[in-house]
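Engineer: Take a look and give me a structure for this.
(one chain, ligands or ions: 1)
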Amino acid sequence: MPESFAIETRDLGYRFGSLIAVEALNLRVPKGSICGFLGPNGAGKTTTIRLLLGLLNPSSGSVLIDGQPFSSARRHLRSRIGALIETPSLYPNLSARENLEVFRRLLEIDSAKISEVLHLVRLTDDSDRLVRTYSLGMKQRLGLAVALLGYPGLVILDEPVNGLDPAGVHEFRDLLRALVKQHGATVFLSSHLLAEVEQIADHIAILNRGRLLFQGSLGAFQAQRNKILILRVDRPEDAASVLRLSGWQVERRPNGTLSVTIAQMSDTAAVNALLGANDLAVYHLAQEEESLESLFLKATGRLEEHV
Ligand SMILES: Nc1ncnc2c1ncn2[C@@H]1O[C@H](COP(=O)(O)OP(=O)(O)OP(=O)(O)O)[C@@H](O)[C@H]1O
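Structural biologist: The predicted model follows:
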């Protein structure tokens, strides 16, 4: 049976005049996944999200939601999507419950849903307080509650944790996990922070300059990504020469440490053994993941090489 996708785009493209914001995008988001949509500022994430929601009409290509074409003729599909883009527009002088009531009437949804979504976003105890007294995290959770009012099968969130403090981020993550687990929803969320996405997503799509650099499971992505070994040694210059002679890619950092690119855990032991065999003392050794910035640079370099 073919895999079913909550979101699928086919050669999706969008231009602002002569600027190509999104190009030949073939995005596939499996049902029931939490998909992190990553990319640096200006990569085209918001434009893509607007296209997915039908807020912009594609310059080329198409969008499928639950396998169905999402054209202007099929706007009813929109009601199956819960979305939170930018800061939610809430009424500050109304309580959370009253805010939800406004949206409930617009959407013609059963009133029992209000208590359900308040419980889901853990705002029941604060639901009668005026929204202007809420923290940013609480407002964000209320925005999510609005998005969830219709119990959508697909939730699309643009940079949902921007501006949240660590506790707020933690809470938001738990909430999204519960949503997927208990309601079988699919979550698609954009972020420019890889570390953030790695904590929540099981699937990722990476966009750079309007083009998809990678999409697949988080595991597949992590398996592909190089690791960096940070070394503090007694004679950095000599250590770098020894390592380079054996084919390792080494860089000297301004703080006196060396960074060595490795592909797997066992390389750490090999590097350590090589230095020991050459009478070089290792004082400190730590692994780091290759940063997203370095990945983007590499990928962009590669793309340009092939032009
Ligand atoms: N209304 C507009 N008119 C012209 N160009 C635009 C418009 N909106 C976005 N762009 C351009 O399209 C490109 C993609 O922007 P977009 O906002 O989709 O990126 P993004 O990945 O969401 O970035 P950010 O994280 O900064 O919001 C950028 O080069 C941006 O300058």
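Engineer: if you skip the residues just before and after it, what's nearest to residue 27?
Structural biologist: Closest residue to residue 27 apart from its sequence neighbours, by Cβ to Cβ, 6 or more residues apart in numbering: residue 9 at 4.4 Å. Where you see a C-beta, it was placed from the backbone N, CA and C, and this is true even at glycine.
Engineer: who touches the one you found in this structure?
Structural biologist: Applying Cβ atoms under 8 Å, 6 or more residues apart in numbering to residue 9 gives the contacts 25-27, 48, 51-52, 61-64.
Engineer: Then residue 45?
Structural biologist: 37-39, 158-159, 190, 192, 207.
Engineer: So which of those residues belong to strands?
Structural biologist: Within the contacts of residue 45, residues falling in strands by DSSP state E are 37-38, 158, 190, 207.
Engineer: Of those - the most surrounded one?
Structural biologist: Counting neighbours by other Cβ atoms under 10 Å, residue 37 leads those with 30 neighbours.
Engineer: so it bridges to which residues?
Structural biologist: On the basis of DSSP bridges, residue 37 is bridged to residue 190, residue 205.
Engineer: before we move on, the earlier item: and the contacts of residue 45 as CSV, adding distance to residue 167 and pLDDT?
Structural biologist: Formatted as CSV, these follow (distance: Cβ to Cβ, whole Å; pLDDT from 0 to 100):
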residue, distance to residue 167, pLDDT
37, 24, 96
38, 23, 92
39, 27, 89
158, 22, 89
159, 18, 87
190, 22, 93
192, 21, 84
207, 29, 93
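Engineer: which among these are in contact with the ligand?
Structural biologist: Residues of these in contact with the ligand (Cβ under 6 Å from any ligand atom): 39, 192.
Engineer: can you pull out the helices in the stretch 101-250 of the chain?
Structural biologist: Using DSSP state H, counting those that start in this stretch, the helices assigned to the stretch 101-250 of the chain run over residues 112-120, 136-148, 166-183, 194-200, 218-224, 236-245.
Engineer: which stretch among those helices comes nearest residue 266?
Structural biologist: Closest to residue 266 of those is helix 218-224 (Cβ to Cβ; 14.3 Å).
Engineer: buried sites along the closest one?
Structural biologist: 218, 221 (16 or more other Cβ atoms under 10 Å).
Engineer: From the contact counts, what lies against it?
Structural biologist: strand 203-208 (3 or more Cβ pairs under 8 Å, 6 or more residues apart in numbering; DSSP states H and E).
Engineer: Now do the strand it packs on: which elements does it pack against?
Structural biologist: Other helices and strands packing on strand 203-208, by 3+ Cβ pairs under 8 Å, 6+ apart, are strand 28-30, strand 34-38, strand 211-217, helix 218-224, helix 292-305.
Engineer: Quick check: next helix or strand after the second one?
Structural biologist: Per DSSP states H and E, the first helix or strand lying C-terminal to strand 34-38 is helix 45-52.
Engineer: low-confidence ranges in the protein?
Structural biologist: Within the chain, the stretches with pLDDT under 70 are 1-3, 71-79, 86-87, 163, 292-307.
Engineer: need the residues of it near the ligand, please.
Structural biologist: Counting by Cβ under 6 Å from any ligand atom, the residues of the chain lying close to the ligand are 16, 19, 21, 39, 41-47, 192.
Engineer: rerun at 8 Å
Structural biologist: Taking Cβ under 8 Å from any ligand atom as the contact definition, the chain meets the ligand at 16-17, 19, 21-22, 39-50, 158-159, 190, 192, 207, 210.
Engineer: just the buried members of the residues you listed?
Structural biologist: Listed as buried from the residues of the chain next to the ligand are 21-22, 39, 43-50, 158-159, 190, 192, 207, 210; burial here means 16+ other Cβ under 10 Å.
Engineer: which residues does the residue nearest to residue 46 when sequence neighbours are not counted contact?
Structural biologist: In space, and not counting its chain neighbours, residue 46 is closest to residue 158: 5.9 Å by Cβ to Cβ, 6+ apart. Residue 158 sits next to 45-46, 49, 83-86, 189-190 when contact means Cβ under 8 Å, 6+ apart.
Engineer: What is the nearest of those residues to residue 107?
Structural biologist: Of all the contacts of residue 158, residue 83 has the smallest distance to residue 107: 12.8 Å, by Cβ to Cβ.
Engineer: Report the beta-bridge partners for the residue nearest to that closest one when sequence neighbours are not counted.
Structural biologist: Once flanking residues are discounted, residue 83 sits nearest to residue 156: 4.7 Å by Cβ to Cβ, 6+ apart. Counting by DSSP bridges, residue 156 is bridged to residue 83, residue 188.
Engineer: Thanks a lot, catch you later.
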